[in-house]
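Peer 1: following is a predicted model, sequence given first.
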Amino acid sequence: MVQSITIRRPDDMHLHLRDDAVLRTVLPYSARQFGRAIVMPNLKPPVTTVSAGRAYRERILEALPRGTSFEPLMTCYLCDNTDPAEIRTGFEERVFTAVKLYPAGATTHSEYGVTAIDRVANVLDVMQGLGMPLLIHGESTDPGVDVFDREAAFIDCTLAPLLEKFPALKVVLEHITTEQAADFVYADTSGRLAATITPQHLLFNRNAMFTGGLRPHYYCLPVLKREQHRLALRRVATSGSRSFFLGTDSAPHERGAKEAACGCAGIFSAPTALEAYLTVFDQEHALDHFEAFASENGRLFYGLPPNEGTVTLTRERNEAPRKVALGDGKSIETFMGDGELPWRLVDHPNV
Ligand code: NCD
Ligand code: ZN
């Protein structure tokens with residue numbers, strides 16, 4: 001049995017860092033493992049301009065623990081009225097790496113999102129020309145569509161036509177959760193379509209939200225699906241296909257905001273993310289594909305150089321805490337903290 005594994009330092013291609021005190025609390029957990037992260041723009045207010053993207057990047061860099069090397073890759077929140085010139089400038093000035101499309105109303109802080117793809121066609125044209133990736137929260141917002149079918153409906157009704165209309169646009173279907181999404185991305189061999197997969201969607205099915213009662217800390221969007229979908233995600237993630245890569249979607253919410261009558265969607269996985277993914281690859285006897293998923297496929301899709309350095313994980317009880325304190329008695333619940341995982345990241349003296 002393999003007791004230790006060393007891989008090139010990985011990247012997190014989908015991360016929510018928030019701002020202010022939460023940013024300062026959660027950032028060290030990601031910076032400890034990852035060389036870079038694609039940072040989501042769904043702040044309040046959202047990051048919609050080059051100057052807001054630059055300022056947010058500065059705040060992230062200021063919040064980094066001293067001596068830590070970590071590069072935040074910024075994204076712009078797409079709105080119906082986004083000016084294509086702003087996107088071009090942001091990309092050319094190397095502030096924005098990508099643009100994030102939230103269908104309006106699909107998830108946390110998506111109220112300023114896109115109401116119809118046609119409204120942003122001019123922006124997508126510019127991005128296609130620049131080779132700038134579009135990151136999509138792929139869920140239908142039609143209230144008539146069942147919550148568990150929203151991803152599949154989005155693929156049929158919105159994504160497939162969009163890919164046809166913009167044949168050279170680079171697209172990442174974010175945090176995929178279904179067999180339909182896994183098959184759709186797997187079948188595309190053009191190299192311009194890829195998907196991120198979270199640790200929770202590889203490790204749990206929707207039963208986790210209802211085990212012995214309502215479990216809000218397993219609630220995220222897109223919501224966990226039935227077992228057949230989890231198995232499909234595990235198949236493609238561990239297959240060695242270049243089209244799938246690591247994106248934690250770590251999304252911290254203060255405990256009280258989740259344990260509420262109308263609880264927030266989002267799972268805070270940053271403290272245990274890499275160990276959780278490794279557990280999946282280990283269970284699937286696919287350790288030889290772990291490095292590509294974590295450290296290569298994403299950066300190749302984005303056209304980034306490999307990270308310097310390595311990380312090592314050993315087979316021993318994971319000591320990440322069950323919750324992380326925010327001060328004032330507030331805290332954030334950690335995904336699979338408290339020894340639930342059998343792998344542990346060895347702290348590196350230089351990071
Ligand atoms: C994310 C958040 O809290 O910002 N929540 C989630 O459940 N994943 C938003 C998102 O990525 O959908
Ligand atoms: Zn997200």
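Peer 2: Thanks, I have it. Ligands and ions are numbered 1, 2, ... in the order given.
Peer 1: return stretch 301-312 as PDB; C-alpha atoms alone will do.
Peer 2: Provided in PDB are the C-alpha atoms of stretch 301-312 (Å, rounded to 0.1, in the frame of the first residue of the first chain):
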ATOM      1  CA  PHE A 301      -6.300  24.500 -20.100                       C
ATOM      2  CA  TYR A 302      -5.600  28.000 -18.800                       C
ATOM      3  CA  GLY A 303      -2.200  28.100 -20.600                       C
ATOM      4  CA  LEU A 304      -0.300  28.600 -17.300                       C
ATOM      5  CA  PRO A 305       3.200  27.400 -16.600                       C
ATOM      6  CA  PRO A 306       3.700  24.500 -14.100                       C
ATOM      7  CA  ASN A 307       4.000  25.500 -10.500                       C
ATOM      8  CA  GLU A 308       7.400  25.400  -8.800                       C
ATOM      9  CA  GLY A 309       7.900  22.900  -6.000                       C
ATOM     10  CA  THR A 310       5.900  19.900  -4.800                       C
ATOM     11  CA  VAL A 311       3.500  18.900  -2.000                       C
ATOM     12  CA  THR A 312       3.600  15.600  -0.100                       C
END
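Peer 1: what are the contacting residues of that stretch?
Peer 2: 4-11, 13, 33, 35-36, 38, 69, 73, 97-98, 131, 133, 170, 172, 194, 242, 245, 274, 295-296, 299, 345-346, 348, 350-351 (Cβ atoms under 8 Å, 6 or more residues apart in numbering). C-betas here are computed from N, CA, C, even on glycine.
Peer 1: swap in 7 Å and give it another go.
Peer 2: 4, 6-11, 33, 35-36, 97, 133, 194, 245, 295, 299, 345-346, 348, 350 (Cβ atoms under 7 Å, 6 or more residues apart in numbering).
Peer 1: if I pick Glu179, what's in contact with it?
Peer 2: 228-229, 232.
Peer 1: please report how far it lies from Glu151.
Peer 2: Applying Cβ to Cβ, to the nearest Å, the value for Glu179 to Glu151 is 10 Å.
Peer 1: if we can go back for a sec, are any of the contacts of Glu179 buried, and if so which?
Peer 2: The neighbour count (16 or more other Cβ atoms under 10 Å) marks 229, 232 as buried among those.
Peer 1: from the contacts of Glu179, which ones fall inside helices?
Peer 2: Residues of the contacts of Glu179 located in helices (DSSP state H): 228-229, 232.
Peer 1: can you point out the buried residues in stretch 309-323?
Peer 2: 311, 313, 318, 320, 323.
Peer 1: now the last one, nearest residue through space, not along the chain?
Peer 2: The shortest distance from Lys323 to any non-neighbouring residue, by Cβ to Cβ, 6 or more residues apart in numbering, is to Ser331 (4.3 Å).
Peer 1: helix/strand/coil for that neighbour?
Peer 2: Secondary structure state of Ser331, per DSSP: H, G, I helix; E, B strand; the rest coil, is strand.
Peer 1: circling back to that earlier point, closest one to Gly105 out of the contacts of Glu179, please.
Peer 2: For the contacts of Glu179, the residue nearest Gly105 by Cβ to Cβ is His229; the value is 23.1 Å.
Peer 1: pretty sure Tyr29 is in a strand, no?
Peer 2: No. Remark: Tyr29 does not belong to a strand; assigned using three-state DSSP, it is helix.
Peer 1: thinking it is in contact with Pro271, fair?
Peer 2: Yes. With contact defined as Cβ atoms under 7 Å, Tyr29 and Pro271 form a contacting pair (4.5 Å).
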